[in-house]
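In: structure for this input, please:
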Amino acid sequence: MQLTQKINNVVEKVRRLLLSRVGFWAGQTYGLSPGDNPDQLTIHAQAANRKWVLIVGRDHYYESITEYPIGNLRDLKKALKIEPWSFPYEGVRLVQITRISPQSHRVTNWVVKAEVLEHQKSRPVFMVPETACFQALASSGPLTISRLGKTVLVISTDNGLMSGIESESNDDSVLTFWRTQLLSLSGLPHDSAVSPVSETNFAPQLIKGLLRIIKQSPMAFFVPLERSTRSSYPWQKALKMALLAGFAYLSFSSLYVVMTDAWIDHRLSAARTDSAAALELRKDIRFMQAEVNEVATIFSEVAPLWVTWDVVTDLLNKGVTVSRINSIDGSVTITASAAKASEVLSYLSNDARVSEVKYAQPIRQAGQLQSFAIAVRFNWPYTASNSQILTKANEGLIGMRKEKS
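Out: Numbers count the residues shown, from 1 in each chain. Just a heads-up that it's a prediction; the model follows:
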């Protein structure tokens, strides 16, 4: 609930900000004040802040409809640009183009009086005629809009848009004649029903029409730059400065690209030299590793009988009498005599040089001594360790290459 409340507060603040930038001109600038309900809007005199969108009252612009037998929209826009000025006074011309058939278009012209912009402290971005906002609403039937003490009649039919300010005369016959004439010009019966829009409902309907225009064709009501501003602006100098800035940017960027490319080529050539040397070393390492593996394979098939003499010497130092030594298929049989044969067997079992030991003959007692024969197999301690020397060297070489890069 708190998150929803915060979002609603933000939306309301944005809504109030945007509404504060919308003004209505009818001899002076009026602002829009939102109420507690989103559909509640009131109009009041205000000219304090800048207006981005200025809605112009009907009595401050000229409105006309012209049909052109031109089917191509691009050709029509070109024709409108070169068309001579045929309106009763100078001002800002706003145009809305509607296709009525494959070969023709209807152009609705609004020429806003120049004095409207002269009274603005800052030039608005968009200027929208009042009747353009009620055009969609009037498509379902003629409207009379009451606002600021005046009544505007808006008629939108298949023949286009027509509108005007009703007479302020107290004579009903004058008002009826004027309304009947405008209805007849629009192609409607003189007794057509007219729907009223009260002053309290004027501002909400005005904003709804403005939102519809922003969604459909906002650029049709964009306020162009003043001719005096366009003519006084130093376009030639600005073009020269832009060309100079573009040339300088292209020159510096091209120089940067060339220097960067040369530096990368230099780094690549240096890396290529180092990698070539490293590849040669790896080839040598692979060759030497293969030789080491071959030698290790040969030695792994040879029984380590030279260890026999070290073991026999140790037995002699312990008082064992060795009478005979035989070797068959890598197994050494030691024939000896000692006070206890089990002590000799236990000693050899705990010797790291011996991988396997067992009695080869039954033990015989000869006086104080025991005669026995022991079969021994010895370890080759260098097979598992030294064969990895070159492999570690290869890993160290790879590590050095990574540090250089």
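
In: measure the closest residue to residue 194 other than its chain neighbours to residue 179 for me?
Out: Once flanking residues are discounted, residue 194 sits nearest to residue 142: 4.6 Å by CB to CB, 6 or more residues apart in numbering. (Glycine included, C-beta is placed from N, CA and C.) Plainly put, residue 142 is 9 Å away from residue 179 if you go by CB to CB, to the nearest Å.

In: re the thing from before, which pLDDT value goes with the residue nearest to residue 194?
Out: Looking at residue 142, its pLDDT reads 89.

In: go ahead and confirm it touches residue 191.
Out: No - applying CB atoms under 8 Å as the test, residue 142 and residue 191 come out as separate, 11.2 Å apart.

In: who's more crowded, those two?
Out: residue 142 (21 against 8; other CB atoms under 10 Å).

In: contact partners for that one?
Out: Counting by CB atoms under 8 Å, 6 or more residues apart in numbering, residue 142 touches 153-155, 183, 186, 188, 192-195.

In: report the rounded mean pLDDT for stretch 111-123.
Out: Mean predicted confidence for stretch 111-123 is 87.

In: equivalent analysis for stretch 290-310, please.
Out: Stretch 290-310 comes out at a mean pLDDT of 78.

In: show me where the stretch 1-150 of the chain has strands.
Out: Per DSSP state E, counting those that start in this stretch, the stretch 1-150 of the chain carries strands over the ranges 22-25, 29-34, 41-45, 53-56, 61-68, 91-101, 104-113, 126-129, 143-147, 150-157.

In: direction included, what does the second one pair against?
Out: Okay, so that is strand 29-34. strand 22-25 (antiparallel), strand 41-45 (antiparallel) (DSSP bridges).

In: buried ones in it?
Out: 29-32, 34 (16 or more other CB atoms under 10 Å).

In: closest one of those to residue 93?
Out: residue 29 (21.6 Å; CB to CB).

In: quick check: residue 360 vs residue 326, distance?
Out: 9 Å.

In: what do these two both touch?
Out: Shared contacts of residue 360 and residue 326, counting by CB under 8 Å, 6+ apart, come down to residue 333.

In: more neighbours: which of those two?
Out: residue 360 (16 against 12).

In: next, the more buried one: secondary structure please.
Out: strand (DSSP: H, G, I helix; E, B strand; the rest coil).

In: so who does it touch?
Out: 333, 373-375.

In: give me that answer again for 10 Å
Out: Applying CB atoms under 10 Å, 6 or more residues apart in numbering to residue 360 gives the contacts 326, 331-335, 372-376.

In: pLDDT at it, what is it?
Out: 89.

In: just residue 317 next, same as before
Out: 90.

In: contacts only, for it.
Out: Counting by CB under 10 Å, 6+ apart, residue 317 has no contacts.

In: do the same with the one 3 residues further on
Out: Residue 320 makes contacts with 312, 314, 334, 336-339, 341, 343-344, 347, 369, 372, as judged by CB under 10 Å, 6+ apart.

In: now it: closest residue in space, sequence neighbours ignored.
Out: residue 338 (4.6 Å).

In: tell me how many other residues crowd residue 222.
Out: 11.

In: can you give the domain ranges for this protein?
Out: 2-232, 307-379 (automatic domain parsing).

In: dump these into CSV; add distance to residue 278 as well.
Out: Putting those into CSV (distance: least, CB to CB, whole Å) gives the following:
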stretch, distance to residue 278
domain 2-232, 61
domain 307-379, 38
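
In: closest one to residue 295 among the ones you listed?
Out: domain 307-379 (18.3 Å).

In: helices of the stretch 151-300 of the chain, residue ranges please.
Out: Using DSSP state H, counting those that start in this stretch, the helices of the stretch 151-300 of the chain run over 172-185, 202-216, 227-232, 235-300.

In: wait, residue 40 touches residue 34, no?
Out: Yes - at 6.9 Å, residue 40 counts as touching residue 34 under the criterion of CB atoms under 10 Å.

In: what residues do those two have in common as contacts?
Out: Joint contacts of residue 40 and residue 34 (CB under 10 Å, 6+ apart) are 203-204.

In: where among the helices of the stretch 151-300 of the chain is average confidence lowest?
Out: helix 227-232 (a mean of 52).

In: circling back to that earlier point, who touches both of residue 142 and residue 191?
Out: With CB under 10 Å, 6+ apart as the test, residue 142 and residue 191 both reach residue 183.

In: quick one: closest of the strands paired with strand 29-34 to residue 280.
Out: Taking the strands paired with strand 29-34 one by one with CB to CB, strand 22-25 is closest: 79.2 Å.
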